[in-house]
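In: Sequence unavailable; structure follows:
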């Protein structure tokens, strides 16, 4: 009924049979040639690695891929889809905390071929006609998002776009016809909180015919066992593909833990300065945006005059969407260039930055987070014709870890897993990705439970519920941006010949901020709260910060 209502909202460009149009758009599925093109666009003339061939050959409906960062999992996923996803749509889900309304996934850098697949509408674009629904802008946005899923062969999205179905979230409910005929890749599964992982377990049982590929560098034994139990409840077994041994066992890291240090500790900054002096690239990861901004300003003060050729950059989640894309691109570009770099970041680097640092400095974090951060250190390798590999840098590189004493964003039991990882590894100088995974596997964590599902458990009268555990943030528009957003909306309305495009224009200006006192009283525009200039200070250089009391 919901899908039929959505189809009825599609406004044909000419007089035609809407039912034929629905069949046509839902019939846009991936072909063998599409998927081979996606592989070739990333691989070029090189053959698949044996590891990627193993992913493609996986015979189970549910397959787990446990492999380190930089091993080629994404190409392997497309090779898997070539075997399991033909004549289906493919949802590629990442666990970004960015809102789904922001459109294309921040963390998926697509090739031109992939972009073609994501916009393969074959002249079937339709506008939506909504009358009398100006008070339901969130519903309109959800319908627009769902129609994109109907029309596209490849949907790169936040995992909420799929798993939100379990909790009656609007966008996946509207996208249901596309979900029914899809294959699914869920990447970075280690980053799921307990509620999100529980929703994944319910989804697997609710879609018993759907091919599913789950990928991570750091599945916990408890996560693997939970998926195994879920499959067993349906009379199935899971497939398991491990990363390529040559890459996983290659020594890459030298670990130093400084138990007495803080992020103002002179020894940390001395290490950074030494690296910049010889032209190296440094990634510094902290755990809150506030500390990230402070570190960025300190880095500028310390190094701008000493190393004028160096680039000191900042990247975190609290930028306008349009600014965040620029910041993301600037960091990637800098690490590919010849100049020394210091990039100050937060947890966003764990899933969004395909780069290789020469030095990692990081605050203590949960074990899975530390493994992801170390995956951005000494990442590049050179493969010989005989299959042997060596580090592109030519040397093992240092990861320097210091304590985190603030109460947020991690619970003490989460930090304890990172502390145990560091203690068990010791100050070794030959750590590989395999060492990280093996050591992490010995750290006990709680068994993830299947989530209560509003969609499956509460009958016909039920309401949407949050998919994730509360994160303490909200996506807003800034009061000072409203005039620019209105101008952009008018430009779009003139260009497209229709009204009501304010929310479309607003997506580029949306910015996540920390919840603060009194936010419930702010004005609203659609589903966005409008943050007053007296509450939130914003600069394109450093992002959003709470205004300091006068």
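Out: That came through, no problem. For clarity, every value in this text was computed on a predicted model and none was experimentally measured.

In: can we go C-alpha only for contacts and neighbour counts from here?
Out: Fine.

In: Break the chain down into its domains, please.
Out: Taking automatic domain parsing as the criterion, the chain consists of the domains 2-128+135-244, 250-431, 473-546.

In: Could you dump these into JSON lines with mean pLDDT and distance to residue 460 added?
Out: As requested, the domains of the chain are arranged in JSON lines below (pLDDT from 0 to 100; distance: least, CA to CA, whole Å):
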{"stretch": "domain 2-128+135-244", "mean pLDDT": "80", "distance to residue 460": "11"}
{"stretch": "domain 250-431", "mean pLDDT": "93", "distance to residue 460": "37"}
{"stretch": "domain 473-546", "mean pLDDT": "90", "distance to residue 460": "25"}
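
In: With mean neighbour count and distance to residue 442 added, can I get those in CSV?
Out: Output for the domains of the chain, formatted as CSV (neighbours: other CA atoms under 10 Å; distance: least, CA to CA, whole Å):
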stretch, mean neighbour count, distance to residue 442
domain 2-128+135-244, 19, 8
domain 250-431, 19, 9
domain 473-546, 17, 33
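
In: Just checking, which helix or strand succeeds the strand or helix carrying residue 38 along the chain?
Out: For residue 38, the host element (DSSP states H and E) is helix 32-43. Using DSSP H and E, the next helix or strand after helix 32-43 towards the C-terminus is helix 50-56.

In: What is the distance between the helix or strand following that next one and the centre of its chain?
Out: Next along the chain after helix 50-56, taking DSSP H and E as the criterion, comes strand 62-66. In terms of CA atoms, centre = their mean, to the nearest Å, the centre of strand 62-66 is found 18 Å from the chain centre.

In: contacts for the helix or strand following strand 62-66?
Out: Using DSSP H and E, the helix or strand that follows strand 62-66 in sequence is helix 73-84. Contact with helix 73-84 is made by 31-32, 35-36, 38-39, 42-43, 48, 51-53, 55-58, 65, 67, 90, 183, 185, 211, 213, 215, as judged by CA atoms under 8 Å, 6 or more residues apart in numbering.

In: how about the domains of the chain in TSV, adding distance to residue 447?
Out: Formatted as TSV, these follow (distance: least, CA to CA, whole Å):
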stretch	distance to residue 447
domain 2-128+135-244	5
domain 250-431	14
domain 473-546	27
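
In: looking at it, residue 443 is touching residue 420, isn't it?
Out: Yes - Residue 443 is within contact range of residue 420, at 7.3 Å (criterion: CA atoms under 8 Å).

In: quick revisit: quick check, distance from the helix holding residue 38 to the centre of its chain.
Out: Remark: helix 32-43 is offset 22 Å from the chain centroid, using CA atoms, centre = their mean.

In: Can you measure across stretch 233-251, start residue to end residue?
Out: Its first and final residues considered, stretch 233-251 spans 40 Å by CA to CA, to the nearest Å.

In: Please disregard the earlier target; I meant stretch 172-192.
Out: This stretch, stretch 172-192, spans 18 Å end to end (CA to CA).

In: Show me the strands in the stretch 101-250 of the chain, by range?
Out: Ranges of strands within the stretch 101-250 of the chain are 127-128, 154-158, 182-186, 212-216, 239-242, based on DSSP state E, counting those that start in this stretch.

In: Please name whichever of these is nearest to residue 397.
Out: Closest approach to residue 397 among those (CA to CA): strand 212-216, 22.9 Å.

In: how big is the angle separating that closest one from strand 62-66?
Out: In terms of direction (axes from the mean of the first three to the mean of the last three CA atoms, to 10 degrees), strand 212-216 departs from strand 62-66 by 20 degrees.

In: partners of strand 212-216, with directions?
Out: Strand 212-216 sits in its sheet next to strand 62-66 (parallel), strand 182-186 (parallel), going by DSSP bridges.

In: Could you double-check that residue 396 sits in contact with residue 377?
Out: No - at 9.6 Å, residue 396 and residue 377 do not qualify as touching, with contact defined as CA under 8 Å.

In: where do the contact lists of those two overlap?
Out: Both residue 396 and residue 377 are contacted by residue 253, under the criterion CA under 8 Å, 6+ apart.

In: that older thread, okay, the strands of the stretch 101-250 of the chain in a markdown table with distance to residue 431 next?
Out: Listed next are these as a markdown table, based on distance: least, CA to CA, whole Å:
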| stretch | distance to residue 431 |
| --- | --- |
| strand 127-128 | 54 |
| strand 154-158 | 32 |
| strand 182-186 | 28 |
| strand 212-216 | 19 |
| strand 239-242 | 18 |
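
In: Which among those is found nearest to residue 332?
Out: strand 154-158 (20.0 Å).

In: how about residue 506, what does it touch?
Out: Residue 506 touches 477, 485, 489, counting by CA under 8 Å, 6+ apart.

In: Just put these in JSON lines and tack on secondary structure and distance to residue 95.
Out: Converted to JSON lines, the contacts of residue 506 look like this (DSSP: H, G, I helix; E, B strand; the rest coil; distance: CA to CA, whole Å):
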{"residue": "477", "secondary structure": "strand", "distance to residue 95": "23"}
{"residue": "485", "secondary structure": "helix", "distance to residue 95": "28"}
{"residue": "489", "secondary structure": "helix", "distance to residue 95": "30"}
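
In: What is the nearest of those to residue 532?
Out: residue 477 (9.0 Å).

In: Mind listing the residues bridging to the closest one?
Out: residue 530.

In: cool, and residue 360?
Out: In this entry, residue 360 is beta-bridged to residue 283, residue 399, by DSSP bridges.

In: Now do the contacts for it.
Out: Residues counted as contacts of residue 360 (CA under 8 Å, 6+ apart) are 282, 283, 284, 285, 373, 374, 377, 398, 399, 400.

In: contacting residues for residue 298?
Out: With CA under 8 Å, 6+ apart, residue 298 has no contacts at all.

In: any idea which helix or strand carries it?
Out: Counting by DSSP H and E, residue 298 is part of helix 289-303.

In: So what's the gap between that helix and the chain middle?
Out: On CA atoms, centre = their mean, the centre of helix 289-303 falls 25 Å from that of its chain.

In: Please renumber the chain so that the first residue is 3 from this point on.
Out: Okay, using 3 as the starting number, the last item reads as helix 291-305.

In: Mind checking what helix or strand follows that helix in sequence?
Out: strand 313-317.

In: Show me the strands paired with that following strand, marking each as parallel or antiparallel.
Out: Here strand 313-317 is paired, per DSSP bridges, with strand 343-347 (parallel).

In: Give me the contact list for the partner strand.
Out: With contacts defined as CA under 8 Å, 6+ apart, strand 343-347 is touched by 274, 278, 281-288, 294, 297-298, 301, 312-318, 333, 336-337.

In: Okay, angle between it and helix 291-305 too, please.
Out: 160 degrees.

In: Give the next helix or strand downstream of strand 343-347.
Out: Following strand 343-347 in sequence, per DSSP H and E, is helix 351-354.

In: And that next one, what does it pack against?
Out: Contacts defined by 3 or more CA pairs under 8 Å, 6 or more residues apart in numbering; DSSP states H and E place helix 351-354 against helix 369-376.

In: my read: residue 320 touches residue 511, true?
Out: No - using CA under 8 Å, residue 320 is not in contact with residue 511, being 11.3 Å away.

In: partners of the residue nearest to residue 191 when sequence neighbours are not counted in the sheet?
Out: Distances taken as CA to CA, 6 or more residues apart in numbering place residue 218 nearest to residue 191, at 5.6 Å, with adjacent residues excluded. Beta-bridge pairing for residue 218 (DSSP bridges): residue 68.

In: got a list of what residue 218 touches?
Out: So residue 218 contacts 67, 68, 69, 70, 189, 190, 191, 192 (CA under 8 Å, 6+ apart).

In: With respect to residue 351, which of these is nearest?
Out: The closest of the contacts of residue 218 to residue 351 turns out to be residue 190 (CA to CA; 12.3 Å).

In: hang on, that closest one packs against residue 217?
Out: Yes - judged on CA under 8 Å, residue 190 makes contact with residue 217 at a distance of 5.9 Å.

In: tell me the secondary structure for the closest residue to residue 203 other than its chain neighbours?
Out: Nearest non-adjacent residue to residue 203, counting by CA to CA, 6+ apart: residue 452, 5.6 Å away. Of the three states, residue 452 takes coil under DSSP: H, G, I helix; E, B strand; the rest coil.
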